[in-house]
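Enquirer: Got a predicted structure here, sequence first:
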2 protein chains.
Amino acid sequence: MTTLQAQTVPAHIHALDAHDPLRHKREEFVLPEGAIYLDGNSLGAMPRRVPARLSHVASQEWGQQLIRSWTAQTRDDPAEAAQDWMALPDRVAAKVARLIGAGPHEVAVGDSTSVNTFKALAAALSLAGERRVILTDADNFPTDLYMAQGLGTLTGDLELRRVPAADVAANLTSDVGVLLLTEVDYRTGRRLDMAALSEQARAQGILTVWDLAHSAGAFAVDLNGCRADFAVGCGYKFLNGGPGAPAFLFVAERHHAAAPVVLSGWMGHADPFEMARDYAPAPGARRFVVGTPQVLSLSALDTALDVFADVDLRDVREKSLSLGRTFMALMEPLLSRFPLTLVTPTAEVERGSQVSYRHPQAREVMAHLIAAGIIGDFRTPDILRFGLTPLYHSHADVWHAVQGIGAVLEARA
Amino acid sequence: MTTLQAQTVPAHIHALDAHDPLRHKREEFVLPEGAIYLDGNSLGAMPRRVPARLSHVASQEWGQQLIRSWTAQTRDDPAEAAQDWMALPDRVAAKVARLIGAGPHEVAVGDSTSVNTFKALAAALSLAGERRVILTDADNFPTDLYMAQGLGTLTGDLELRRVPAADVAANLTSDVGVLLLTEVDYRTGRRLDMAALSEQARAQGILTVWDLAHSAGAFAVDLNGCRADFAVGCGYKFLNGGPGAPAFLFVAERHHAAAPVVLSGWMGHADPFEMARDYAPAPGARRFVVGTPQVLSLSALDTALDVFADVDLRDVREKSLSLGRTFMALMEPLLSRFPLTLVTPTAEVERGSQVSYRHPQAREVMAHLIAAGIIGDFRTPDILRFGLTPLYHSHADVWHAVQGIGAVLEARA
């Protein structure tokens, strides 16, 4: 990479970066040495402020304050008192809510995306009554499918109906109870029209569960604007919350009263320390917080989200599209020389924040790319995936990456 | 506390500490300044080695290695290669297994105790067939009851039968499918006879789910010796894994083939990166790992468990009983002067690693004790609870604590 990075970046690429309103954000992240990291849609880079927060949580909140950190009442310092762990999931939920077009009381943070998918599906199916069909994209991220299968194992009466994404709208029939979709396909980067599909589903009396794994933090999501019913998402991709960061669950306010809490744990109880013998849900989405939160991981996510505090998500989207356009244009000459096929839609409205290509030896090619310091990822069966993260990528990064991709493909030829 | 700690500890207390084979372990923990911490059964004290591990995971594994940390194949250094995140849950499971009398392949680490209770109950009830009654202690820890209630909400056909702990054996009837018990009561510290109850349940064709929240790390648990079917437990009490540390689930090997995985996530799949469309369980208990693990919290637990590497749990139990005996004997004179009632059994076989008293103003008394630097906890309705942690408590701590308790009660009188 050293050699590649020494090459001169063309002036028109530099010009794009010079006009980037987000260019100052890059300094807020640690980026890996000797590499161009194009996998923020698998694991976001670390915000610089995280290690200090982790150190404080470990040494002070855990090491010295211990159980006193759960509640604020024993803290003298008001700033410290506001940091009690009991309310930490709610504080993080409020930060996520702003990014996904939800009210803070509509978001619960904790557990994994998989577990939150289970909660959402169980609740949505209960509201769906006799309709026991979950309609989904056959190419949906596997864990979404698996969690639906597991729920079916438990209840014994579900049908998971899998159709190609393009056929979803035509399959919104009156026997379908729940539509389970991931907005941005993890392989192709194709973005669905959430507003239209939510509207079409609603017209058929079908509840929606949206997986925002590749959406949240990549562009502005407007769940309430789309009248989505449920959503789940991931804290460790574009939210940069750290490996396996706690996930989130959105439950539209109109469902709070009727949606059952099937993973009803003590942290979602109306009064956890009352230790009542029967479950009574906390107000709002807090009821979907289940057990004791993993405070170290949750604190890292909390701090990571502060990177977004001064960010306008419209800028993020605009830059994401620009990075994608630049990447595809620079890759274009390689498509005639190597067996590469673009699988990401070129239409901006259909794009997330990644660009993917098919290549018959994709697994081996990606291994070579990673060895050369261009970190994307391989996805079965033949996808080379490159994530674009507007908060820390420059157009120059994209240019360097494409030079490197060309060199690696050339060396194999 | 400064004044209290300046008092001279009696020689017979010092003698107990002088002969303590675990006394060197105390140095491996950070203990809060100006306080005696008797709440390790709520949140264990921080092992000194944890912050360095967290710092390494954040700055190197996340910050620099990023997605390369998930798999080992791209690491040059064999020591680093052995630390891949994909296998981290299994490495931690093996450390937990040693403490609870299980095989490493019988333990899954991740999620919360609550979520693991759901997994265990769902699997056990499936094995129980037509028997749809969960029998439990009416005073069981609330989240165990709540999770059973939530499962019942979902399946619609469960009965949660709650009886006093003393009546459990008499209620092991042929309609009961699953016996859900916590070995050590979180309020009184009363320890049940796991071996006998498991045997009696098995004789009636009833499957057992044991909650080891107040057992694991406090004394040797022998799940396979007891022929327990399922167990769950907590990483943040006597295992010292940090606030909300990942929990564990035990599934006896004989059930692996037949026990359904209802929270079937991609991390429990036989080949996660194959991204297959259908769920296929990983070998052994790994199938019960659901979503992406919260790596920061899981790494802290991993390192915290190393404190046990050179510890014989028989020494831990012996010291725990000695600390308890000492505490109760020193408290004895206070029982006639103040409205305190011992609720922890005096018989050693019936004790966990805490001592509890009833007091009509327990909530206020505990607030005063905490303000005075004696950190135990209050549990509704009237319990003062004091946890004894053999790895970092001395008999001198116990003596100082009782002096302080006496002084606080005296000041209120």
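Expert: Ah, there it is.
Enquirer: And the residue of the stretch 1-150 of chain A that's closest to chain B?
Expert: The nearest approach of the stretch 1-150 of chain A to chain B comes at residue A:112, 2.4 Å away (CB to the nearest CB). Yep, even glycine has a C-beta here, placed from its N, CA and C like the rest.
Enquirer: Just list the residues touching residue A:225, thanks.
Expert: Residues in contact with residue A:225 (CB atoms under 8 Å, 6 or more residues apart in numbering or on different chains) are A:101, A:195.
Enquirer: let me redo that: residue A:23
Expert: Taking CB under 8 Å, 6+ apart as the test, what residue A:23 contacts is A:17, A:394.
Enquirer: where exactly do the helices run in the stretch 51-200 of chain A?
Expert: Using DSSP state H, counting those that start in this stretch, the helices of the stretch 51-200 of chain A run over A:78-81, A:88-100, A:113-128, A:142-155, A:194-203.
Enquirer: what about the residue nearest to the residue of the stretch 1-150 of chain A closest to chain B when sequence neighbours are not counted, neighbour count?
Expert: The shortest distance from residue A:112 to any non-neighbouring residue, by CB to CB, 6 or more residues apart in numbering or on different chains, is to residue B:291 (2.4 Å). Residue B:291 is flanked by 25 other residues according to other CB atoms under 10 Å in any protein chain shown.
Enquirer: cool, and residue A:335?
Expert: 13.
Enquirer: Without its sequence neighbours, what residue ends up closest to it?
Expert: residue A:342 (6.8 Å).
Enquirer: now do residue A:10
Expert: For residue A:10, ignoring the flanking residues on the chain, the nearest one in space by CB to CB, 6+ apart is residue A:399 at 7.0 Å.
Enquirer: quick one, what contacts the one you found?
Expert: Counted by CB under 8 Å, 6+ apart, residue A:399 has contacts A:9-10, A:13, A:326, A:330.
Enquirer: For these, give me CSV that also has pLDDT.
Expert: Formatted as CSV, the contacts of residue A:399 follow (pLDDT from 0 to 100):
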residue, pLDDT
A:9, 96
A:10, 97
A:13, 97
A:326, 98
A:330, 98
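Enquirer: Now rank the residues you listed by neighbours and give me the top one.
Expert: residue A:326 (21 neighbours).
Enquirer: A helix includes that one, no?
Expert: Yes. Counting by DSSP: H, G, I helix; E, B strand; the rest coil, residue A:326 is located in a helix.
Enquirer: Next one: residue A:376 from residue A:182, what distance?
Expert: Separation of residue A:376 from residue A:182 (CB to CB, to the nearest Å): 19 Å.
Enquirer: next one: residue A:90
Expert: 26 Å.
Enquirer: For the stretch 201-350 of chain A, which residue gets nearest to chain B?
Expert: For the stretch 201-350 of chain A, CB to the nearest CB, closest residue to chain B: residue A:291, 2.5 Å.
Enquirer: Give me the pLDDT value at that residue.
Expert: pLDDT, residue A:291: 98.
Enquirer: got a list of what it touches?
Expert: A:265-267, B:111-115, B:143, B:244, B:247.
Enquirer: Take those residues and lay them out in a markdown table including neighbour count, pLDDT and distance to residue A:95.
Expert: Below are the contacts of residue A:291 laid out as a markdown table (neighbours: other CB atoms under 10 Å in any protein chain shown; pLDDT from 0 to 100; distance: CB to CB, whole Å):
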| residue | neighbour count | pLDDT | distance to residue A:95 |
| --- | --- | --- | --- |
| A:265 | 29 | 97 | 22 |
| A:266 | 26 | 97 | 24 |
| A:267 | 23 | 97 | 19 |
| B:111 | 31 | 98 | 23 |
| B:112 | 30 | 98 | 22 |
| B:113 | 30 | 98 | 26 |
| B:114 | 28 | 98 | 24 |
| B:115 | 26 | 98 | 23 |
| B:143 | 27 | 96 | 26 |
| B:244 | 28 | 98 | 19 |
| B:247 | 30 | 98 | 26 |
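Enquirer: out of those, what pair is the most spread apart?
Expert: Greatest spatial distance among the contacts of residue A:291 (CB to CB): A:266 and B:111, at 14.3 Å.
Enquirer: quick one: buried residues of the biggest strand by length in chain A?
Expert: Longest strand of chain A, by residue count under DSSP state E: strand A:176-182. Within strand A:176-182, the residues scored as buried using 16 or more other CB atoms under 10 Å in any protein chain shown are A:176-182.
Enquirer: cool, and stretch A:299-312?
Expert: The neighbour-count check on stretch A:299-312 (16+ other CB under 10 Å) flags A:299-305, A:307-308, A:311 as buried.
Enquirer: can you check stretch A:387-395 too?
Expert: Neighbour counts over stretch A:387-395 (16+ other CB under 10 Å) mark A:387-395 as buried.
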